[in-house]
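Chemist: sequence first, then the predicted structure, then my questions.
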Amino acid sequence: MGIRDLGFRRYEGARTSTTARVRYLAWAEVRRTFAAKRFVLFYLFCLMPLYVSFVIMYMLMVLGDGEHMSMGGGGMRRRGMASLALDEPGFYFWPMVGAGFALVWLFSAVVSAGMVSRDRGANALELYFTRGLRPVHYFAGKWLAAFALMCGQLVLPYLALWIFAVFLAPDWDFLARTLPWIPAYLLATVFVALSVSWLATCLSCSTSSVRFAVLRWVGGLFGLFLLGRVLTRTMGQDEWLLVSPWDVIVRIGHWLADVRTIHDFTLEYAILAWVGLVVGAGLFAWRRLEPVEVVA
C-alpha cells in the first residue's frame, strides 16, 4: 500500500499557555516523586516530630484535666524554645524547624536538591527548551514542585494537627484563642518552605549528579550551621549566626510567627542576609541554565 503525501496540515488543537505548561511540569514532578513507594516511607519517617506533637497534644487534652492545655514548660520558656501550650504557635512551629531541623534538611535534599540535576544528567534540558519552555519557565516549574513538596512536610501536617486539636478540645474556646495567630503561623511556615525550596533548587543547577547535589546541600547547610555556632560561642555574639542560611531563614520565620527564639540576633541583618542569599542563588541558577545549548 502506497503512502500519499497529505501536505502541510494546520494544527487545530488548543494552544496551552506558559502558565499551564509550568503548572503541568510541577505537577508531573510531584506525581513522579510520590509514585515511588520508598519515598512515601521516607516522607512518613520525616514526619516524626509530628507524631511526637500528636502524642503530647493527646496527653494534655484527653489524659489531662482540660486546664493543662495552657500549661507552659518553664524550662523550655527560659531557653526560648516552644512551650507545651497547645494554644500558642510555638507548639506547632518549633517541633519541625527546631527539634526536627535535620529532617527538614534531609527531606529538602531528596525532593529539591536533585530537581534540575536529574534532568542535566539525562541531557533532558535541551529537549525541554525546544518544547515551548524557556529556562525561567522550566526553573519555575521545578521550584513550584519543590515548594509543594516542602509544604507537605512543613505546612499541611501541622495545620492538620491544629484542626484536629480544635475538634478534640472540650469547647470552642480553644478555636477562639488560636484562630487569631493562625494566619501569621501559616505565613511563617510558607516562608520557610519557599526559602528552603528556592535555595535547594538553585543549588541543583550546579551539577548533573543528583548524589553530588544532595551532598552539597546537606553538607553546606550543616557546615555553615556548625560554623555559625562555633563563631557564636567563641565571639560571644549571636550575629555570627548570619553565616548560616538555615538560622537566617528560621530567625525570620520566628518573627513572622511571633515565636520566641533561642538566638535573637538582629532581625534587620537577618532580612538583608536572606535577600542576599535569594538573589545570589537566583543569579547562580540563571548562569548555570543560560549556557545550555538549545537544539532548534
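Modeler: Noted; the coordinates are in hand.
Chemist: who's in contact with Asp258?
Modeler: If you count contacts by Cβ atoms under 8 Å, 6 or more residues apart in numbering, Asp258 has them with 89, 181, 184. Any C-beta I mention is one placed from the backbone N, CA and C, and that applies to glycine too.
Chemist: neighbour-wise, which of the residues you listed leads?
Modeler: Within those, most neighbours by other Cβ atoms under 10 Å means Pro89, with 24 neighbours.
Chemist: got the residue ranges for the strands in the chain?
Modeler: Secondary structure of the chain (DSSP state E): no strands located.
Chemist: among the contacts of Asp258, which are in helices?
Modeler: Ala184 (DSSP state H).
Chemist: I'd like the contacts of Asp258 laid out as JSON lines, including distance to Leu154 and pLDDT.
Modeler: As requested, the contacts of Asp258 are arranged in JSON lines below (distance: Cβ to Cβ, whole Å; pLDDT from 0 to 100):
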{"residue": "Pro89", "distance to Leu154": "14", "pLDDT": "90"}
{"residue": "Trp181", "distance to Leu154": "17", "pLDDT": "94"}
{"residue": "Ala184", "distance to Leu154": "15", "pLDDT": "94"}
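Chemist: in the stretch 1-150 of the chain, where is pLDDT below threshold?
Modeler: Along the stretch 1-150 of the chain, the parts satisfying pLDDT under 70 run over 1-15, 64-84, 126-127, 130-132.
Chemist: helices of that one, start to end?
Modeler: If DSSP state H, counting those that start in this stretch is used as the criterion, the helices of the stretch 1-150 of the chain fall at 18-34, 37-45, 48-58, 74-78, 90-94, 101-111, 115-121, 125-129, 135-154.
Chemist: any buried residues in stretch 201-211, and which?
Modeler: Within stretch 201-211, the residues that count as buried by 16 or more other Cβ atoms under 10 Å are 201-208, 210.
Chemist: with distance to Val166 and pLDDT added, can I get the residues you listed in a markdown table?
Modeler: Shown next, in a markdown table, are those (distance: Cβ to Cβ, whole Å; pLDDT from 0 to 100):
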| residue | distance to Val166 | pLDDT |
| --- | --- | --- |
| Thr201 | 34 | 93 |
| Cys202 | 38 | 92 |
| Leu203 | 38 | 91 |
| Ser204 | 38 | 89 |
| Cys205 | 42 | 86 |
| Ser206 | 44 | 83 |
| Thr207 | 45 | 81 |
| Ser208 | 47 | 80 |
| Val210 | 41 | 82 |
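Chemist: point to the residue nearest the middle of the chain.
Modeler: Residue closest to the mean C-alpha point of the chain, counted by Cα atoms, centre = their mean, is Ala193 at 2.7 Å.
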